[in-house]
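Chemist: Model the following, please.
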Amino acid sequence: MSRYILGVTGASGAIYATRTAMHLKRLGHHVTALVTPPGRGVLAYEGQEDLFKYVDEQPDVKNFFAECASGSADYAGMVVVPCSMGTLGRIVGGTSDNLLIRAADVCLKERRPLVVVPREMPYNLIHLDNMTSLTRMGGIVIPAAPHFYDRPKTIEELVDTVVARILVHLGALTTADNIVKPWKGIRIPASKSKAPSVKHLAKVKAKKK
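Modeler: Numbering: from 1, shown residues only. Okay, here's the model as predicted:
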């Protein structure tokens, strides 16, 4: 079992936080949730308060005496999901003005995995610069951009295509196939065309049904 920090901010997309917490617990990990006041509001508004069923502790984000404020604590990594652009900017700026930002700063200084999942569109230049800066600092940016090639049938299946990538980059999973089917590619018949034809793709789709 490893211990992970789950930061939740006021960006929309609270289901990503709930599914991340659920899978971390299913895999046997300890979850410390740092939820900002706007984050709690969004969890309630989007009907995702079940998140709290999957966490082991919930330190107050104003409590700088919490264990995760120190680099000596044995946390394996942290994910901020969903991550508001204001939170991203404060992490990059090193403001440490609440426990969530401080815990992220600790992960960066201790060279532990720090994953942020922005849920915003479109990006402005400030957003892009902050994501670039965080990447240079050692952080990992995983936009809330699910994939569709496995034809998910529910919102949860769609969200899990992102959550699986989060858990792999956190080190909580070795491969994503514990949660979603990995992309295996498709066989393209030899032809003069380098791209598969529409007809061939239709046949592949029919075989998978």
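Chemist: Going C-terminal from the longest helix along the chain, what's the next secondary structure element?
Modeler: Of all the elements of type helix in the chain, the one with the most residues (DSSP state H) is helix 155-170. Using DSSP states H and E, the next helix or strand after helix 155-170 towards the C-terminus is helix 198-208.
Chemist: got the buried residues for that next one?
Modeler: residue 200 (16 or more other C-beta atoms under 10 Å). Where you see a C-beta, it was placed from the backbone N, CA and C, and this is true even at glycine.
Chemist: CA atoms only for that helix, dumped as CSV, please.
Modeler: Coordinates of the C-alpha atoms in helix 198-208 are reproduced here as CSV (Å, rounded to 0.1, in the frame of the first residue of the first chain):
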residue,chain,number,x,y,z
VAL,A,198,-13.2,3.7,-44.6
LYS,A,199,-14.3,0.3,-45.7
HIS,A,200,-11.6,-1.5,-43.8
LEU,A,201,-12.3,0.5,-40.6
ALA,A,202,-15.9,-0.4,-40.9
LYS,A,203,-15.0,-4.1,-41.1
VAL,A,204,-12.7,-3.8,-38.0
LYS,A,205,-15.6,-2.1,-36.0
ALA,A,206,-18.0,-4.8,-37.0
LYS,A,207,-15.7,-7.6,-35.8
LYS,A,208,-15.3,-5.9,-32.4
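Chemist: contacting residues around it?
Modeler: Helix 198-208 is contacted from outside by 186, 187, 188, 189, 196, using C-beta atoms under 8 Å, 6 or more residues apart in numbering.
Chemist: tell me the contacts of the third one?
Modeler: Just to be clear, that refers to residue 188. Residue 188 is in contact with 195, 196, 200, counting by C-beta under 8 Å, 6+ apart.
Chemist: ok, those residues vs residue 125, which is closest?
Modeler: Nearest to residue 125 among the contacts of residue 188 is residue 195, at 34.3 Å by C-beta to C-beta.
Chemist: With adjacent residues omitted, what lies nearest to the closest one?
Modeler: Excluding its sequence neighbours, the residue lying closest to residue 195 (C-beta to C-beta, 6 or more residues apart in numbering) is residue 188, at 7.8 Å.
Chemist: Look up the pLDDT of the one you found for me, please.
Modeler: Residue 188 carries a pLDDT value of 72.
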